[in-house]
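Colleague: Build me a model:
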Amino acid sequence: METLFRVIGVLMLSFTSLCLVDSNTRGNPTINKFFSNIQDSYNKLNKNLEILSFTAGLKALRELYGWASLLFFTLFLIISKFIGTDSGYVSFLVFAFVFMSWFSINWFIDHKNTIFRRSGNIVLVILSPIILGGFDLLTGENLTSGFYIAIADSLSIIFPSFSTILSNTGMSFNSPIISSVILSLVFLLIFLIYYLVMWIFTLPIFLIALVTASLPIQFARATSWANKENPFFWFAIVISTTISVWLII
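Modeller: So this is what the prediction gives:
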């Protein structure tokens, strides 16, 4: 496998060397036109990358990861079915990383919109115990419903120290106000923990995706700064130098 990679490296080095050779030296109009088309295509791509913002780059990378995750998941199913689970395991790992990269970028870009879109439901879930407790007070039930009796008993078991403090102050979890407020705070804490876990879980992969998106943009700006008319020249220099160092090592 290493020999194959080295052969590919030698071929790529030869190709980039031919790109750097002057057209008069190559002396073949057909070959010159071929390399000229490659150079023009890269210069157009470089120009588009140069003016691309990081957000636009992330959105483009998100779309690429989305299609790539679909592709690798399909490969995983095909390989696992017809070749073997060991080979399919590699495809699944690639799919998992690509999918998480897509999810991380999606979370970073759209998490505010996602939260605001669902803010009404979130607030309703958090305040629902207080609303139900208020209904108990208005109807004079004072927690005679089986639901709130179960809630009060559960809170007394989960927070025994706090239950003792309430008892010393003449209050208890049987109060609809006390139990409903505490239950609302528990729901709020659950949502905050979920939000924090999402950031902790997605941030490392997002940073990798951010570097992946920013490197081509920065590289395009650097090559354009070095040679505005023909950034392909420095692209070929960097590629040939990198391959040469790798072949020596």
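Colleague: just how off-centre is stretch 204-218 within its chain?
Modeller: Per CA atoms, centre = their mean, to the nearest Å, the displacement of stretch 204-218 from the mean C-alpha position of its chain is 10 Å.
Colleague: ditto for stretch 227-244
Modeller: Stretch 227-244 has its C-alpha centroid displaced from the chain centroid by 31 Å (CA atoms, centre = their mean).
Colleague: which parts of that stretch are buried?
Modeller: 230-237, 240, 243 (16 or more other CB atoms under 10 Å). C-beta: built from backbone N, CA, C; applies to glycine.
Colleague: which strands and helices sit next to the host helix or strand of residue 207?
Modeller: In this assignment (DSSP states H and E), residue 207 forms part of helix 176-226. Helix 176-226 sits against helix 29-50, helix 54-82, helix 85-117, helix 119-139, helix 146-158, helix 231-248, with contacts defined as 3 or more CB pairs under 8 Å, 6 or more residues apart in numbering; DSSP states H and E.
Colleague: Worst mean pLDDT among the ones you listed?
Modeller: In terms of mean pLDDT, the lowest-scoring of these is helix 146-158 (a mean of 65).
Colleague: what sits against the most centrally placed residue in the chain?
Modeller: The residue lying closest to the centre of the chain (CA atoms, centre = their mean) is residue 104, at 1.7 Å. Listed by CB atoms under 8 Å, 6 or more residues apart in numbering, the contact set of residue 104 reads 202-203, 205-206, 209.
Colleague: try residue 55
Modeller: Counting by CB under 8 Å, 6+ apart, residue 55 touches residue 109.
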